[in-house]
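*Asks:* A structural model of the following input is requested.
(one chain, ligands or ions: 2)
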Amino acid sequence: MNSPKRVLKAGILGATGTVGQRFILLLSAHPHFTIHSVGASSRSAGKSYCQATKWRMTSPIAADVKDMIIKECKPELFEDCDVIFSGLDSDVAGDIEMAFLKSDLVVFSNAKNYRRDSIVPLIVPTVNPSHFNIISHQRSSHSLNKGFLVTNANCSTTGLVVALKPLQDSFGPIESVIVHTMQAVSGAGYPGVASLDIFDNIVPYISGEEEKMEYETLKILGDLNQEATGFQLLPSTSVSASCNRVPVIDGHTECVSIKFKNRPPPSPEQIIQAFDSYISEAQQMGCYSAPEKAIIVQSEQDRPQPRFDRDNGNGYSVTVGRVRKCNVLDIKFILLVHNTVLGAAGSGILNAEIAVVKGLIKV
Ligand SMILES: NC(=O)C1=CN([C@@H]2O[C@H](COP(=O)(O)OP(=O)(O)OC[C@H]3O[C@@H](n4cnc5c(N)ncnc54)[C@H](OP(=O)(O)O)[C@@H]3O)[C@@H](O)[C@H]2O)C=CC1
Ligand SMILES: N[C@@H](CC(=O)OP(=O)(O)O)C(=O)O
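*Replies:* Ligands and ions are numbered 1, 2, ... in the order given. From the prediction side, this is the model:
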């Protein structure tokens, strides 16, 4: 395992929310980071963490976090943190995260605000850590010494790109992707979707989600330019997403159909082999949170299922199943991603581990 020379002090913004709580849970058990400061809105600031938070995780709050006093999300209150993890609501993430960046802090964001920024990398840790190479350009553009801003992807996009990456690597460009999602209610934060809207029901609309999947996939699977100063979106791939909210607590399921550019297309057996043998850079680097397998192939006919498979690889693996021929495109399969682990907080943490190994965070 690749460990830093000292334990790094972590600040968590939006610490009381769904993603923030997942950060608390994952970081409480992390050997390389210690939770040093927690921040939320002025409604919560000044209260103890357990007083301000409607804790919704199934394991208890770590004893040393319970009584921490929540701070306002101001950079001067977090300047002694080595790394900032943000689970801020996107209504406020834009201004707050930029203020932290301008204060030369290292920020890992979950929000959508900077994902399309031309000098901010959008990194899914088991897919495209090479996009960290833009950081030196970002630092010089913002006149920073040690700070930088990295975003992780939309939760549904995260699962999709993990599955597409080994297929693109093994079989060449993917021409078309059609994806239908069944997304858990925790994706909408807390209290999220009203129970009367989601019990005995499916909601066939999640605001902005389809556009995010259709764009972010092209940035993540695309390349950095040669000078490492900008991104080239995948030039010849089109993605069509249809996103649905379903009555599941955690875990987004996606039905994916794809068409390759090269003919003849690979067989289902070749696709399974590509999934099964995929080893991401995060695993090769020996990062603490990297799963043993980035993609787990389920051979049972009726899997993956969120209740049984979302915690695979401690929530850092994507589980795929039902790989079969598609009569319209080439291949279709089902995937499952844990939306608040790899789809949110876990990606931020694993990205930070990668940044440490790459020497981007002072240790
Ligand atoms: N849930 C998921 O699966 C995923 C979420 N994301 C993204 O992560 C972010 C957080 O989502 P989620 O945890 O679901 O949202 P929640 O609504 O559960 O939590 C939002 C957090 O933001 C804080 N906040 C709100 N207003 C302010 C403010 N004015 N100043 C400072 N802090 C504020 C809240 O603090 P307080 O309690 O004091 O109000 C709370 O801690 C969002 O940008 C979301 O889009 C990304 C991927 C997946
Ligand atoms: N929209 C996602 C969660 C989310 O907040 O996504 P994003 O970070 O892209 O806004 C869901 O509802 O499941």
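
*Asks:* would you mind listing what in the protein touches ligand 1?
*Replies:* 14-20, 40-41, 43-44, 73, 87-90, 92-93, 110-112, 155, 186-187, 189-190, 339-340, 343-344 (Cβ under 6 Å from any ligand atom). For the C-beta atoms, the positions are set from N, CA and C on the backbone; glycine is no exception.

*Asks:* whichever of the residues you listed end up buried, select them in PyMOL.
*Replies:* In PyMOL syntax, the buried subset of those is picked out as below (16 or more other Cβ atoms under 10 Å):
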select buried, resi 14+15+16+17+18+19+20+40+41+44+73+87+88+93+110+111+112+155+186+187+189+339+340+343+344
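
*Asks:* and ligand 2, which of the residues of the chain next to ligand 1 reach it?
*Replies:* Within these, those near ligand 2 by Cβ under 6 Å from any ligand atom are Ser90, Asn110, Lys112, Cys155, Gly187, Asn339.

*Asks:* contacting residues for the residue in the stretch 101-250 of the chain positioned nearest to ligand 1?
*Replies:* Among all residues of the stretch 101-250 of the chain, Gly189 sits closest to ligand 1, at 3.0 Å; criterion: Cβ to the nearest ligand atom. Contacts for Gly189 (Cβ atoms under 8 Å, 6 or more residues apart in numbering) come out as Gly17, Thr18, Val19, Asp89.

*Asks:* among the residues you listed, name the ones in helices.
*Replies:* Among the contacts of Gly189, DSSP state H puts Thr18, Val19 in helices.

*Asks:* including pLDDT, could the contacts of Gly189 go into JSON lines?
*Replies:* Putting those into JSON lines (pLDDT from 0 to 100) gives the following:
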{"residue": "Gly17", "pLDDT": "96"}
{"residue": "Thr18", "pLDDT": "93"}
{"residue": "Val19", "pLDDT": "95"}
{"residue": "Asp89", "pLDDT": "97"}
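
*Asks:* looking at the contacts of Gly189, which is nearest ligand 2?
*Replies:* Val19 (7.9 Å).

*Asks:* tell me the domain boundaries of the protein?
*Replies:* 8-154+344-357, 155-339 (automatic domain parsing).

*Asks:* so which of these is the most surrounded?
*Replies:* domain 8-154+344-357 (a mean of 20; mean count of other Cβ atoms under 10 Å).

*Asks:* looking at the ones next to ligand 2 among the residues of the chain next to ligand 1, which is nearest ligand 2?
*Replies:* Closest to ligand 2, out of all of these and judged by Cβ to the nearest ligand atom, is Gly187, at 2.0 Å.

*Asks:* tell me the pLDDT at the residue lying closest to Ser176 once chain neighbours are set aside?
*Replies:* Excluding its sequence neighbours, the residue lying closest to Ser176 (Cβ to Cβ, 6 or more residues apart in numbering) is Lys259, at 4.4 Å. For Lys259, the model assigns a pLDDT of 98.

*Asks:* wait, what's in contact with Lys259?
*Replies:* Lys259 touches Ile174, Glu175, Ser176, Pro265, Leu329, Asp330, counting by Cβ under 8 Å, 6+ apart.

*Asks:* for those, which two are the farthest from each other?
*Replies:* Greatest spacing in the contacts of Lys259, by Cβ to Cβ: Ser176 and Pro265 (11.6 Å).

*Asks:* show the subsequent helix or strand relative to the top helix by length along the chain.
*Replies:* Scanning the chain for the longest helix, with DSSP H as the assignment, gives helix 155-171. As assigned by DSSP states H and E, the chain's next helix or strand after helix 155-171 is strand 174-183.

*Asks:* Leu26 touches Val341, doesn't it?
*Replies:* Yes: Leu26 is within contact range of Val341, at 7.3 Å (criterion: Cβ atoms under 8 Å).

*Asks:* residue ranges of the helices in the stretch 1-150 of the chain, please?
*Replies:* 18-28, 49-52, 63-66, 90-102, 135-141 (DSSP state H, counting those that start in this stretch).

*Asks:* from ligand 2, how far out is Met177?
*Replies:* Careful, residue 177 is Val; it's not Met. 18 Å (Cβ to the nearest ligand atom, to the nearest Å).

*Asks:* actually Pro247, not the one I wrote
*Replies:* Applying Cβ to the nearest ligand atom, the value for Pro247 to ligand 2 is 13 Å.

*Asks:* mind pulling up the pLDDT for that residue?
*Replies:* Taking Pro247 on its own, its pLDDT is 98.

*Asks:* and what of Ser3?
*Replies:* 82.

*Asks:* counting neighbours, what do you get for it?
*Replies:* Neighbourhood size, Ser3 [other Cβ atoms under 10 Å]: 15.

*Asks:* and for it, nearest residue in space, chain neighbours not counted?
*Replies:* Nearest to Ser3 is His32, by Cβ to Cβ, 6+ apart, at 6.1 Å.

*Asks:* contacts only, for the residue lying closest to Ser42 once chain neighbours are set aside.
*Replies:* Counting by Cβ to Cβ, 6+ apart, the nearest residue to Ser42 once its immediate chain neighbours are dropped is Glu72, at 6.0 Å. If you count contacts by Cβ under 8 Å, 6+ apart, Glu72 has them with Gly39, Ser42, Ala45.

*Asks:* reformat these as a markdown table; add pLDDT.
*Replies:* Listed next are the contacts of Glu72 as a markdown table, based on pLDDT from 0 to 100:
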| residue | pLDDT |
| --- | --- |
| Gly39 | 98 |
| Ser42 | 98 |
| Ala45 | 98 |
